[in-house]
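Peer 1: I would like to see how this sequence folds:
(one chain, ligands or ions: 2)
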Amino acid sequence: MSKVIEINDYSWKYINTKSPALKKINLSIEEGSFVGIIGPNGSGKTTLAYSMDGLIPGQYNGIKHGTVNVFGKEVEDYKTGELQRLAGVVFSDPESQFTAMTVEDELGFGM
Ligand SMILES: Nc1ncnc2c1ncn2[C@@H]1O[C@H](COP(=O)(O)OP(=O)(O)OP(=O)(O)O)[C@@H](O)[C@H]1O
Ligand SMILES: [Mg+2]
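Peer 2: Numbers count the residues shown, from 1 in each chain. Ligands and ions are numbered 1, 2, ... in the order given. Okay, here's the model as predicted:
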């Protein structure tokens, strides 16, 4: 099985914080696997998810060390929008992502 996600010695510190949200993470995920990441509030689950779909560092300012490789490419090497076709995030409150009152309208909005 090939590795679809390969994270090596990865640390991320949001620009306005003193200590890193993620510190020296090493993780590899194989194609076809179903992985759950658990931890207490503030332990960095969302930060890790954002790091794997390019929201971090794309949309957040901070300091990064180490590497995050998704589908064989470092996240920084993807063009804008390219990685988001391969990896997506559902936010903690999915309802806040809806724009419309019906499924039809919601699907139409995306198109
Ligand atoms: N935009 C941000 N700017 C600065 N610090 C942040 C930001 N987002 C998260 N953090 C900090 O990073 C750390 C990890 O937060 P994160 O939201 O990734 O944790 P989490 O495990 O997803 O928490 P929860 O279970 O509450 O969803 C926390 O200390 C949090 O305060
Ligand atoms: Mg979270």
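Peer 1: from here on, just use CA atoms for contacts and neighbour counts.
Peer 2: OK.
Peer 1: roughly how far is the top strand by length along the chain from the heart of the chain?
Peer 2: Using DSSP state E to define each element, the chain has its longest strand at strand 3-14. Taking C-alpha atoms, centre = their mean, to the nearest Å, one finds strand 3-14 lying 10 Å from the centre of the chain it belongs to.
Peer 1: list of residues touching the helix or strand following that strand?
Peer 2: Next helix or strand after strand 3-14 toward the C-terminus (DSSP states H and E): strand 22-30. Strand 22-30 is contacted by residues 1-13, 35, 43-44, 47-48, 66 when judged by C-alpha atoms under 8 Å, 6 or more residues apart in numbering.
Peer 1: what about 6 Å?
Peer 2: 2-12 (C-alpha atoms under 6 Å, 6 or more residues apart in numbering).
Peer 1: low-scoring stretches of this structure, by residue?
Peer 2: Filtered on pLDDT under 70, the chain yields no residues whatsoever.
Peer 1: for the residue nearest the centre of the chain, which residues are in contact?
Peer 2: In the chain, the residue lying closest to the centroid (C-alpha atoms, centre = their mean) is residue 50, at 2.5 Å. Applying C-alpha under 6 Å, 6+ apart to residue 50 gives the contacts residue 56.
Peer 1: rewinding a little: out of the contacts of strand 22-30, the closest to ligand 1 would be?
Peer 2: Among the contacts of strand 22-30, residue 12 lies closest to ligand 1 (C-alpha to the nearest ligand atom), at 8.9 Å.
Peer 1: can you tell me how far the nearest residue to that closest one once chain neighbours are set aside is from residue 92?
Peer 2: Spatial nearest neighbour of residue 12, excluding adjacent residues (C-alpha to C-alpha, 6 or more residues apart in numbering): residue 64 at 4.7 Å. According to C-alpha to C-alpha, to the nearest Å, residue 64 stands 24 Å off from residue 92.
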